[in-house]
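> Requesting a structural model of the entry that follows:
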Amino acid sequence: MEKPIIMNPTDINNPHDKLFRASMQYPEVARDFLDAHLPVDIKSKLDFKSIITCPNTFIDEELKLSQSDVLLKAKIDGETAYVYVLAEHQSAPDPLMPFRLMKYMIKIWDYHRSHSKKNKGLPFPVIAPIVFYAGKRAWTTPRTLWDLCGEQSALMHQILQTPICLVELNTLSDLELTSRLWSGTMEFIMSHRFRQHISRELDAIADNINRLMLQENRQFVLQLLTYILEIDDEHRTPQELIGLIESKLTPKAGDSVMSLADILREEGREEGREEGSEKTKLEIAKRLLSDGVEPAFVAKATQLPLEKINALKMKK
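Presented below is the predicted three-dimensional model:
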């Protein structure tokens, strides 16, 4: 039999905590406890001979297991698994217990991940949580994470049991994206194929930009155009790219979108003049910021330091 860890009486003030943790240091107690309380489907997979109690220093300082909580390590099909036992000796149940357990489990996984030398710690170990409650009141608060969502608990249960909702842009066709005027236009412009071939792909999205401009959704279009200008890596100037975009639009929509182009052209013309250049650039920056253009692009278009652009934005 393995020797139990002898605890310093000053380490634990609560006699309940002291007895529980000290008892769980004995392999016989830990095995008997898990055999009595684990669900059958988990218990049937657990290698009881491999169960050991992790020392209190096993988890990093951020988690700091309380003196009563116990982390047991065992094997399931030859792989590491953990049983986390949270001991509650307070008189009333904690309504946030499922949330607390999830936080602890995530921290245990994070510890495992940060101490793994390969494959980002995958696969993560199984963690079976147990709440050991010795209070005088019956436990009446939720025992599942989804039950914390009240009337929407059934929906939350479904969400937690369903694989994450994945939007994989490169598997969606141009038609699927361009058929949706609002989010589809944004998604199309953010797709990898658009970033690779901006000049060619602009043809596929030009009609949507026209429609958005004709509906007077100028602010949204400016955000789209700003993004296109920021990701263009074909060494074109902003004026050249705006000209390319303009050539894809109908005259009416083109007239509406040219506020940004006019600003850039004015900046370009002013670059050739030494007199008043700094002042004009500041005015251009203010106009772009008022239109909702991102500071990083404003700095690129005006050749002003980003710090100065951010200062201008804060003064708005």
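
> so where is the stretch 151-300 of the chain shaky, pLDDT-wise?
Counting by pLDDT under 70, the stretch 151-300 of the chain contains low-confidence residues at 216, 252-277.

> Pull out the buried residues from the host helix or strand of Asp35.
Element membership of Asp35, judged by DSSP states H and E, is helix 27-37. Neighbour-count burial for helix 27-37, with 16 or more other C-beta atoms under 10 Å as criterion, is recorded at Pro27, Ala30, Arg31, Phe33, Leu34. Just so you know, the C-beta spots here come from the backbone N, C-alpha and C atoms, and that holds for glycine as well.

> quick one: the last one from Tyr133, how far?
Distance check for Leu34 against Tyr133: by C-beta to C-beta, to the nearest Å, it reads 16 Å.

> name the helices or strands packed onto the helix holding Asp35?
helix 15-24, strand 46-53, strand 70-76 (3 or more C-beta pairs under 8 Å, 6 or more residues apart in numbering; DSSP states H and E).

> and the first one with strand 70-76, angle?
Pointing back at helix 15-24 there. Orientation check (axes from the mean of the first three to the mean of the last three C-alpha atoms, to 10 degrees): helix 15-24 against strand 70-76 gives 30 degrees.

> hang on, Ala299 packs against Leu312?
No: with contact defined as C-beta atoms under 8 Å, Ala299 does not reach Leu312; the gap is 10.3 Å.

> that older thread, contacts for the next helix or strand after the helix holding Asp35, please.
Beyond helix 27-37 on the C-terminal side, the first helix or strand identified by DSSP H and E is helix 40-43. With C-beta atoms under 8 Å, 6 or more residues apart in numbering as the test, helix 40-43 has contacts from Leu34, Asp35, Ala128.

> if you set the cut-off to 6 Å instead, what comes out?
When contacts are defined by C-beta atoms under 6 Å, 6 or more residues apart in numbering, helix 40-43 is touched by residues Ala128.

> same question, stretch 146-158
Applying C-beta under 6 Å, 6+ apart, the external contacts of stretch 146-158 come out as Pro142, Leu160.

> distance between the ends of that stretch?
Criterion C-alpha to C-alpha, to the nearest Å; first-to-last residue distance in stretch 146-158 is 9 Å.

> List the buried residues for it?
When burial is assessed from 16+ other C-beta under 10 Å, stretch 146-158 yields the following buried residues: Trp146, Leu148, Cys149, Met156.

> element containing the last one, please.
When elements are assigned from DSSP H and E, Met156 belongs to helix 153-161.

> how distant is that helix from the center of its chain?
Going by C-alpha atoms, centre = their mean, to the nearest Å, the spacing between the C-alpha centre of helix 153-161 and its chain's C-alpha centre is 19 Å.

> check which helix or strand covers the nearest residue to Leu306 once chain neighbours are set aside.
With sequence-adjacent residues excluded and distances taken as C-beta to C-beta, 6 or more residues apart in numbering, Leu306 is closest to Ala299, at 4.4 Å. Assignment of secondary structure by DSSP H and E places Ala299 within helix 295-302.

> Who are the packing partners of that helix?
Helices and strands touching helix 295-302, as assessed by 3 or more C-beta pairs under 6 Å, 6 or more residues apart in numbering; DSSP states H and E, comprise helix 218-231, helix 277-290, helix 306-315.

> who touches stretch 197-205?
By C-beta under 6 Å, 6+ apart, the surrounding residues in contact with stretch 197-205 are Asp174, Phe188, Phe194, Asp232, Lys248.

> quick one: contacts of the lengthiest strand in the chain?
Longest strand in the chain by number of residues, with DSSP state E as the criterion: strand 79-88. If you take C-beta under 6 Å, 6+ apart as the criterion, strand 79-88 is touched by 20, 68-74, 125-133.

> Could you rerun that using 8 Å?
Under the contact criterion C-beta under 8 Å, 6+ apart, strand 79-88 has outside partners 16-17, 20-21, 24, 33-34, 38, 46, 51, 54, 66, 68-75, 94, 97, 100-101, 104-105, 108, 112, 123, 125-135.

> swap in stretch 305-316?
Contacting residues not belonging to stretch 305-316 are listed as Leu282, Ala285, Lys286, Leu289, Ser290, Pro295, Ala296, Val298, Ala299, Thr302 [C-beta under 8 Å, 6+ apart].

> From Leu229, how far off is the first one?
Right, the one you point to is Leu282. 20 Å.

> Can you pull the phi/psi pair for the residue positioned nearest the centre of the chain?
For the chain, the residue whose C-alpha lies nearest the mean C-alpha position (C-alpha atoms, centre = their mean) is Ile164; its distance is 12.3 Å. In terms of degrees, to the nearest 10, the main-chain angles of Ile164 are phi -60, psi 140.

> tell me the contacts of it?
Ile164 makes contact with no residue under the criterion C-beta under 8 Å, 6+ apart.

> Thank you kindly, that will do.
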